[in-house]
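**Student:** Sequence first, predicted coordinates after that:
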Amino acid sequence: MATTTDTTTSTQVERPGLHDGVAGEFMVIVKIKPGQADSLRKTLAGISNEFMTGTDGRDALKDIGTLHDARYVILDNDTRLLFASVFDGSWDTYIDDFATTKIAKNFELVFSHAEGFPGIEAPREQLKEWFVGGQVPAELFVSSYPELTTKQVLKDQRVNEAFQAVLDSPEFGAALKEPANAALLATPTFQKLLDEAAN
């Protein structure tokens, strides 16, 4: 199992966080501005509702294409906010992706409740340093699929759905009964494909 501290190219500073294959972990804990926990909860509920009832939020995540999952948690009697996620690639690219896509407005809405947040439009290094200041790297990080990026997982899902539709089609059922296809159907590769599709 490969868990190493993420390092970027020699022209960039080293960033905190562990990687397992292509996936990296990111966790930030920041102080909530006094008296703003309830407002923050309403903001998070609104974002959650947007994701559950619409497609804009999920489309924005697909545009980013590097995020596996994310969560916000209000901690310590409404005094601190935790944000944790798993992403593909470099730390700097991950932050850049959030700052330059449609999802940036959600980051602005949420972290505007946090002390010292410079704003999503702040100079990029200032924004990154703010995140680094609140980042708590994991002691251990593992991924169930360390060599698959989010884009690969989504593509695999689309291919599987298309393949399942082929398997369920009457034309495929007829092809299985066609004597001319017997040699292909008998190959170990084809049998493995059918076995994987059944599981």
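**Tutor:** That came in fine, so what should we check first? Numbers count the residues shown, from 1 in each chain.
**Student:** all contacts plus neighbour counts: C-alpha atoms, from now on.
**Tutor:** OK.
**Student:** Is Ile29 in a helix, a strand, or coil?
**Tutor:** Under DSSP: H, G, I helix; E, B strand; the rest coil, Ile29 falls in the strand class.
**Student:** which residues does the residue lying closest to it once chain neighbours are set aside bridge with?
**Tutor:** Leaving aside its sequence neighbours, Ile29 sits nearest to Leu82 (Cα to Cα, 6 or more residues apart in numbering; 4.4 Å). Beta-bridge partners recorded for Leu82 (DSSP bridges): Ile29, Val73.
**Student:** How about the contacts made by Leu82?
**Tutor:** Contacts for Leu82 (Cα atoms under 8 Å, 6 or more residues apart in numbering) come out as 27-30, 71-75.
**Student:** Equivalent analysis for Ala138, please.
**Tutor:** With Cα under 8 Å, 6+ apart, Ala138 has these contacts: 17-18, 25, 27.
**Student:** Now render the residues you listed as CSV, adding secondary structure and neighbour count.
**Tutor:** As requested, the contacts of Ala138 are exported to CSV (DSSP: H, G, I helix; E, B strand; the rest coil; neighbours: other Cα atoms under 10 Å):
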residue, secondary structure, neighbour count
Gly17, coil, 23
Leu18, strand, 22
Glu25, strand, 26
Met27, strand, 21
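**Student:** And the furthest pair within those?
**Tutor:** Leu18 and Met27 (10.5 Å; Cα to Cα).
**Student:** Can you pull the residues that touch both of the two?
**Tutor:** Common neighbours of Leu18 and Met27, counting by Cα under 8 Å, 6+ apart, are 137-138.
**Student:** Just the residues contacting stretch 24-31, thanks.
**Tutor:** 6, 17-19, 79-91, 114-115, 131-132, 134-138, 141.
**Student:** how about the helices in this structure?
**Tutor:** 37-53, 56-64, 91-100, 104-111, 124-134, 150-167, 170-177, 182-186, 188-198 (DSSP state H).
**Student:** By mean pLDDT, show me the worst of those helices.
**Tutor:** The minimum mean pLDDT among these belongs to helix 56-64 (a mean of 77).
**Student:** Quick one: residues in contact with it.
**Tutor:** 50-51, 67, 97-98, 101-103.
**Student:** Export that helix to CSV, keeping only CA atoms.
**Tutor:** This file holds the C-alpha atoms of helix 56-64, laid out as CSV (Å, rounded to 0.1, in the frame of the first residue of the first chain):
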residue,chain,number,x,y,z
ASP,A,56,-26.1,21.9,-11.4
GLY,A,57,-24.1,20.8,-8.4
ARG,A,58,-23.3,17.4,-9.7
ASP,A,59,-22.6,18.8,-13.2
ALA,A,60,-20.1,21.2,-11.5
LEU,A,61,-18.4,18.3,-9.8
LYS,A,62,-18.1,16.5,-13.1
ASP,A,63,-16.6,19.6,-14.6
ILE,A,64,-13.9,19.5,-11.9
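**Student:** Make JSON lines from the contacts of Leu82 and add pLDDT and distance to Leu176 to it.
**Tutor:** Shown next, in JSON lines, are the contacts of Leu82 (pLDDT from 0 to 100; distance: Cα to Cα, whole Å):
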{"residue": "Met27", "pLDDT": "97", "distance to Leu176": "51"}
{"residue": "Val28", "pLDDT": "97", "distance to Leu176": "54"}
{"residue": "Ile29", "pLDDT": "98", "distance to Leu176": "57"}
{"residue": "Val30", "pLDDT": "98", "distance to Leu176": "59"}
{"residue": "Arg71", "pLDDT": "95", "distance to Leu176": "46"}
{"residue": "Tyr72", "pLDDT": "97", "distance to Leu176": "50"}
{"residue": "Val73", "pLDDT": "98", "distance to Leu176": "52"}
{"residue": "Ile74", "pLDDT": "98", "distance to Leu176": "56"}
{"residue": "Leu75", "pLDDT": "97", "distance to Leu176": "57"}
